[in-house]
Structures are given as structure tokens and as C-alpha cells.
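Asks: task: produce atomic coordinates for the following.
(one chain, ligands or ions: 1)
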Amino acid sequence: MIVSNSISKKYEKSHVLQHVSLQVRKGSIYGLLGSNGAGKTTLMKIIAGIARPEDGEITIDGKGVFEDTEVKAKMFFLSDSLYFFSQYTIKQMADFFRDTYPDWNQERFLKLQHLFQLDMKKKISQFSKGMQRQVAFWLALSTMPEYLVLDEPFDGLDAVIRKKIKNLLVQDVAEREMTIVISSHNLREIEDICDYIGILHQGKLLLEKDIDDLKSDIHKVQVAFREKPDTEVWDGLDILYKERRGSVILAIVRGKEEHIVSHLEQYHPVILDLLPLTLEEIFVYEMGDAGYAIENILV
Ligand SMILES: Nc1ncnc2c1ncn2[C@@H]1O[C@H](COP(=O)(O)OP(=O)(O)OP(=O)(O)O)[C@@H](O)[C@H]1O
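Replies: Numbering: from 1, shown residues only. Reported below is the predicted structural model:
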């Protein structure tokens with residue numbers, strides 16, 4: 001488990017991270033969302049043990065990450081700005097990684113060639129940007145990390161390869177309990193693989209949610225009554241948003257489906273429908289409830 005305990009970081013006088021606390025369960029995928037400059041890269045570097053916070057601490061399985069080489073050997077940090085030795089081919093880079101990472105898996109490296117289909121004898125610098133990102137994933141997954149920290153990893157990848165890589169990530173999480181922290185400025189880009197989403201804004205963690213809970217605990221309700229109902233109809237429900245559209249009332253309600261339905265049925269509605277929300281819609285209402293306009297924070 002990765003635990004971030006009240007992490008704060010300053011660059012000169014500006015507070016880039018302020019008391020950021022989060023937990024990433026073993027074998028789960030945590031998506032860290034935020035706009036440009038929110039502090040994602042800074043937090044990812046601290047989680048990976050590359051940068052040091054002014055205050056607070058990151059522990060992985062109870063051990064402080066910054067000083068612990070053993071913990072770092074089980075982790076791979078895929079930075080948003082890739083780095084390879086300039087004259088190296090994929091094969092030479094793989095040889096270097098094999099000597100560096102104790103759990104390097106040569107068999108897997110060779111197997112993944114079928115998926116990435118890149119010439120192993122070509123210099124990495126001669127590949128396109130998106131292809132270089134593929135090389136980075138290929139090498140990262142061959143180190144068999146227990147913890148994978150991915151900073152904006154899908155930038156520049158086409159939809160087909162993105163899908164293939166996501167499948168590989170989910171497979172590693174399911175089969176060998178790999179733990180992933182992944183950052184993005186785009187909810188749609190990562191929502192299909194994440195178990196948890198945290199939203200970072202101006203260095204603070206605004207909201208943190210378990211995706212399954214979110215989807216099962218928030219509903220769009222369309223309801224109409226024969227006569228104008230008393231306001232007490234809504235008492236006892238956790239309403240995030242409500243508007244009237246003609247005779248139909250549309251409400252976004254937090255809570256279990258059975259509770260919402262049985263509560264409203266007491267008032268004999270002529271229409272009562274519960275509709276699913278997209279994750280994006282859920283965040284719009286949740287963030288609105290927390291006092292933020294999501295359109296200023298996420299795309
Ligand atoms: N080495 C540095 N020196 C001074 N300020 C820095 C440094 N690195 C980052 N910052 C500042 O910290 C803030 C957060 O930067 P960070 O790169 O963590 O954001 P981000 O969420 O990853 O943004 P993006 O989505 O644009 O990559 C920014 O205001 C940035 O200017």
C-alpha cells in the first residue's frame with residue numbers, strides 16, 4: 001500500500017503541494033486528475049522517491065520511500081518527459097534495464113515485442129514520440145514492477161496502442177497485484193481503468209472517490225407527481241441538484257437506489273425513473289457540492 005501522509009512541497013515561496021494525504025491500496029489503480037500546474041508531477045516524483053517533500057512522508061508497505069533502495073527497486077516511474085541514452089537501441093536499453101532491475105523478465109520482454117512491433121535494433125532516438133512512449137511502456141512492464149507510477153502516460157499514443165497498453169496494465173493488476181498511480185488532466189482518458197480517482201487542484205486534494213461507490217451511490221432521478229408535491233418530498237434525500245422541466249423534476253440524488261425509490265414512492269409519483277450518470281457528470285455534481293466549478297478544473 002502507498003500512503004501519502006500530509007505531503008507539502010514548496011518551490012521558492014510558492015506552495016506547490018499542501019497537506020496532500022491519500023492511500024493507494026495494493027493491487028488497485030489510483031487516478032490522479034488535475035489541470036496544468038496542479039502539482040501532479042511534483043506529487044508523482046515524491047511518491048517515486050525522486051523528490052523530497054518539505055513536510056509529510058510517503059510510505060510504501062510501511063517503509064519511507066526516499067531512502068529505501070529496496071522499495072525503489074520494486075517501483076518504476078514513467079515520467080512525462082522520457083529519457084533514454086541517446087545512442088542506444090531498444091535491445092541495448094533492455095540490457096541496461098536487465099542489469100539495473102532485479103525482477104527484469106527477459107521472457108516477457110521478448111513476448112511483448114509482438115504487441116509493440118518495434119525494431120529492437122533501431123536507435124530509440126530515431127523513433128517517433130509516440131513510439132518512444134511505447135518503448136518506455138515495453139521496458140517498464142518488463143521490469144515487473146510491484147508499483148508503477150505513470151505521469152501523463154498516454155500523451156501522444158494512438159487509440160489502438162492505448163487500448164492495448166491499458167489491457168496490459170489491468171492484466172498485471174489482476175494477475176500479480178501490481179499497484180498503479182496514474183496522472184492525467186483528462187478524466188475520460190483514465191476512467192475506464194481506475195478504481196479510485198483523486199482530484200488535485202492548486203496543490204490540494206479536493207476530492208477522492210472509489211469509482212464503484214460513486215457509480216452505485218449517485219443517481220439521476222426523473223420524477224413527476226399528479227399534483228404539485230409538498231417540499232417535504234425531498235426531506236430525507238441527499239440532493240446534489242434539482243430542477244423542474246415542465247411537469248417533470250430532474251434531481252441528482254446521492255444514496256442507495258432502493259432508499260431513493262421507496263422514499264419517493266410514498267408520494268405516489270406518476271413517473272419515477274432512475275437513470276445512470278457518466279463519471280464526468282458525477283464529478284460535475286460532486287465538485288459543485290464541494291463548492292467548485294469542475295469546468296475550471298478538468299476537461
Ligand atoms: N523545479 C521547479 N522549480 C520551481 N517551480 C516548479 C518546479 N517544478 C514545478 N514547479 C511549479 O510547481 C507547480 C506544479 O507543477 P507540476 O509540474 O507538479 O504540475 P502538473 O500538475 O504536473 O502540471 P502539468 O499537467 O502541466 O504537467 C507549477 O506551478 C510549477 O510551475
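Asks: can you pull the contacts of residue 282?
Replies: 214-215, 218 (C-beta atoms under 8 Å, 6 or more residues apart in numbering). All C-beta spots, glycine's among them, are computed from the backbone N, C-alpha and C.
Asks: in what helix or strand does it lie?
Replies: Assessed by DSSP states H and E, residue 282 sits inside helix 279-289.
Asks: do the same with residue 18
Replies: Using DSSP H and E, residue 18 sits in strand 14-24.
Asks: is that strand positioned near the ligand?
Replies: Yes. Against the ligand, strand 14-24 shows contacts by C-beta under 6 Å from any ligand atom at residue 16.
Asks: mind listing what's buried in the helix or strand harbouring residue 43?
Replies: Here residue 43 is covered by helix 40-47, with elements defined by DSSP H and E. In terms of neighbour count (16 or more other C-beta atoms under 10 Å), helix 40-47 has its buried residues at 40-47.
Asks: same check on stretch 68-80?
Replies: Within stretch 68-80, the residues scored as buried using 16+ other C-beta under 10 Å are 68, 71-72, 74-79.
Asks: which residues sit against that stretch?
Replies: 41, 44-45, 48-50, 60-61, 63, 65, 101-103, 136-137, 140, 143, 145-153, 155.
Asks: just the buried residues of those residues.
Replies: When these are checked for burial by 16+ other C-beta under 10 Å, the buried set is 41, 44-45, 48-49, 60, 65, 101, 136-137, 140, 143, 145-153.
Asks: by contact count, what packs against the helix holding residue 43?
Replies: strand 2-11, strand 14-24, strand 29-33, strand 147-151, strand 179-184 (3 or more C-beta pairs under 8 Å, 6 or more residues apart in numbering; DSSP states H and E).
Asks: from residue 72, how far out is the residue nearest to the spatial centre of the chain?
Replies: Among the residues of the chain, the one closest to the centroid is residue 31, at 0.9 Å (C-alpha atoms, centre = their mean). Distance, residue 31 to residue 72, using C-beta to C-beta, to the nearest Å: 23 Å.
Asks: run a quick neighbour tally on residue 182.
Replies: 24 (other C-beta atoms under 10 Å).
Asks: avg pLDDT for stretch 283-299?
Replies: Average pLDDT, stretch 283-299: 65.
Asks: apart from its chain neighbours, what residue comes closest to whichever residue of the stretch 101-250 of the chain sits closest to the ligand?
Replies: Nearest to the ligand, among the residues of the stretch 101-250 of the chain, is residue 185, at 5.2 Å (C-beta to the nearest ligand atom). Take residue 185 and drop its neighbours on the chain: the residue closest to it by C-beta to C-beta, 6 or more residues apart in numbering is residue 35, 5.7 Å away.
Asks: got the contacts of residue 282 as CSV, with distance to residue 95, pLDDT and secondary structure columns?
Replies: Putting these into CSV (distance: C-beta to C-beta, whole Å; pLDDT from 0 to 100; DSSP: H, G, I helix; E, B strand; the rest coil) gives the following:
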residue, distance to residue 95, pLDDT, secondary structure
214, 44, 78, helix
215, 45, 77, helix
218, 50, 86, strand
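Asks: top of those residues by neighbour count?
Replies: For the contacts of residue 282, the largest number of neighbours (other C-beta under 10 Å) sits with residue 218, at 21 neighbours.
Asks: which residues does that one contact?
Replies: Listed by C-beta under 8 Å, 6+ apart, the contact set of residue 218 reads 240, 252-254, 277, 282, 285-286.
Asks: okay, the residues you listed in CSV with distance to the ligand next?
Replies: Output for the contacts of residue 218, formatted as CSV (distance: C-beta to the nearest ligand atom, whole Å):
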residue, distance to the ligand
240, 27
252, 28
253, 33
254, 28
277, 26
282, 22
285, 24
286, 20
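Asks: ok so, going back, in CSV, list the buried residues of stretch 68-80 along with secondary structure and distance to residue 129.
Replies: Formatted as CSV, the buried residues of stretch 68-80 follow (DSSP: H, G, I helix; E, B strand; the rest coil; distance: C-beta to C-beta, whole Å):
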residue, secondary structure, distance to residue 129
68, coil, 33
71, helix, 31
72, helix, 27
74, coil, 29
75, strand, 25
76, strand, 20
77, strand, 19
78, strand, 14
79, coil, 14
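Asks: ranges for the helices of the stretch 151-299 of the chain?
Replies: 159-176, 187-190, 211-217, 257-265, 279-289 (DSSP state H, counting those that start in this stretch).
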